[in-house]
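> sequence first, then the predicted structure:
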Amino acid sequence: MKQDPSYFDGKEPKLIYIAKRLRDALRLESIFAETGIDYGVEADQYRGGIIFQTVRAGAFFYVLPEIENAAREVMRRHGYRPFEGENPAI
């Protein structure tokens, strides 16, 4: 279920996915809602491209650490590749 930012107050949310297209973001929101995964999503910017890097906008998905593994497993079952690494937000 999509949560308000206050849900994460005093906690360290984990970035698990950056949707680069609206269609992907909406589909992932639907999957999380169907499976009962609590998540937060916000628009942010990241750098993309290999030779010509540009600043792009995406939907950044966050979950609490205690459900991170379950959320990643749900994503994999539905063909998503969870984000690994440092937060690339600008």
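Perfect, I can see it now.
> and Val41, that one's in a strand?
Yes - counting by DSSP: H, G, I helix; E, B strand; the rest coil, Val41 falls inside a strand.
> that one pairs with what?
Val41 has these beta-bridge partners by DSSP bridges: Phe61.
> tell me the pLDDT of it.
Looking at Val41, its pLDDT reads 95.
> hang on, isn't it packed against Lys2?
Yes - with contact defined as Cβ atoms under 8 Å, Val41 reaches Lys2; the gap is 6.6 Å. Quick note: C-beta positions are derived from backbone N, CA and C, even for glycine.
> settle it for me: which of the two has more neighbours?
Taking neighbours as other Cβ atoms under 10 Å, Val41 and Lys2 compare with Val41 leading, 17 against 13.
> who are the contact partners of that one?
Lys2, Ala25, Glu29, Ala59, Phe60, Phe61, Tyr62 (Cβ atoms under 8 Å, 6 or more residues apart in numbering).
> look up phi and psi at the first one.
Yep, that's Lys2 we're talking about. phi -70, psi 130 (degrees, to the nearest 10).
> thought it was touching Ser30?
No - Lys2 lies out of contact with Ser30 (Cβ under 8 Å); the separation is 10.6 Å.
> residue contacts, the spatially most central residue of the chain?
Geometric centre of the chain, nearest residue: Phe61, 2.0 Å, by Cα atoms, centre = their mean. Phe61 makes contact with Leu15, Ile16, Tyr17, Ile18, Ala19, Ala25, Leu28, Tyr39, Gly40, Val41, according to Cβ under 8 Å, 6+ apart.
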